[in-house]
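> Turn this into a structure:
(one chain, ligands or ions: 3)
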Amino acid sequence: MPVEVLIPEAALHDRVRELGGEVARDYAGKPLTIVAILTGSLMVLADLVRAVDVPHRIGLLHASSYRGASTTSSTLIINENLAPDVVDRDVLLLDDILDTGQTLAALVDHIAARGAKSVKTAVLLRKVGRQTVPIEPDYCGFTIPDAFVVGYGLDYDDDYRHLPYVGVLQD
Ligand code: 5GP
Ligand code: MG
Ligand code: MG
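Numbering: from 1, shown residues only. Ligands and ions are numbered 1, 2, ... in the order given. As a prediction, the model looks like this:
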């Protein structure tokens, strides 16, 4: 399927570097662990951490939501084998996109329950008009319209993650 570019590579690069600078300022001298939610956030993770020029750790969390026929209910499956040790760490949870907010809200609670000192959130993208759970990300790259996006880590049926830009699938 063709993909129409929504956010070009250079814009992603510039904005993620900017966010990295903000994170570095906010977390200087703190025991920061950036916990990325796989698989979608792998590219933003790689670009973000190289712009956070204060000492920090990287953790990975594999979570996927399986939605049934109803788009409003979903079950979040967390792979505990990968889960990082976050005890007494200031955690910045990083996801590719905030849609309904269910994933991020559930994972904030999950990380807090695992003994983190603090938990904040960062998302590359935030879709307008879709949120059902009241959660405000502490860092947000771009606000986008309500369309299904792929690329820069985001998939459609596990394809398109490798694209260097964020785009909209055309049918
Ligand atoms: P939420 O729990 O906020 O509804 O959904 C967040 C998750 O749904 C994201 O981590 C992502 O995996 C997936 N998702 C939501 N919207 C999109 C989209 O437009 N494109 C892709 N590829 N994934 C999406
Ligand atoms: Mg995801
Ligand atoms: Mg996906």
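> how about the lengthiest helix in the chain: buried residues?
The longest helix of the chain (DSSP state H) is helix 9-27. Across helix 9-27, burial judged by 16 or more other Cβ atoms under 10 Å covers Leu12, Arg15, Val16, Leu19, Gly20, Val23, Asp26, Tyr27. C-beta here means a position set from N, CA and C on the backbone, and glycine is covered the same way.
> so where's this structure shaky on pLDDT?
Low-confidence segments of the chain (pLDDT under 70): 66-73.
> Near ligand 1, which residues of this protein are found?
40, 65, 95-103, 148-150, 154-156 (Cβ under 6 Å from any ligand atom).
> that older thread, so can I have TSV of the buried residues of helix 9-27 showing distance to Val5?
Putting the buried residues of helix 9-27 into TSV (distance: Cβ to Cβ, whole Å) gives the following:
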residue	distance to Val5
Leu12	11
Arg15	15
Val16	17
Leu19	21
Gly20	23
Val23	26
Asp26	31
Tyr27	32
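> Pro145 and Arg126 touch, don't they?
No. Pro145 is beyond contact range of Arg126, at 10.8 Å (criterion: Cβ atoms under 8 Å).
> Those two - which one has more neighbours?
A direct count of neighbours by other Cβ atoms under 10 Å for Pro145 and Arg126 places Arg126 higher, at 18 against 10.
> Which residue comes closest to the more buried one once chain neighbours are left out?
Sequence neighbours aside, Leu98 is the residue nearest to Arg126 in space, at 4.5 Å (criterion: Cβ to Cβ, 6 or more residues apart in numbering).
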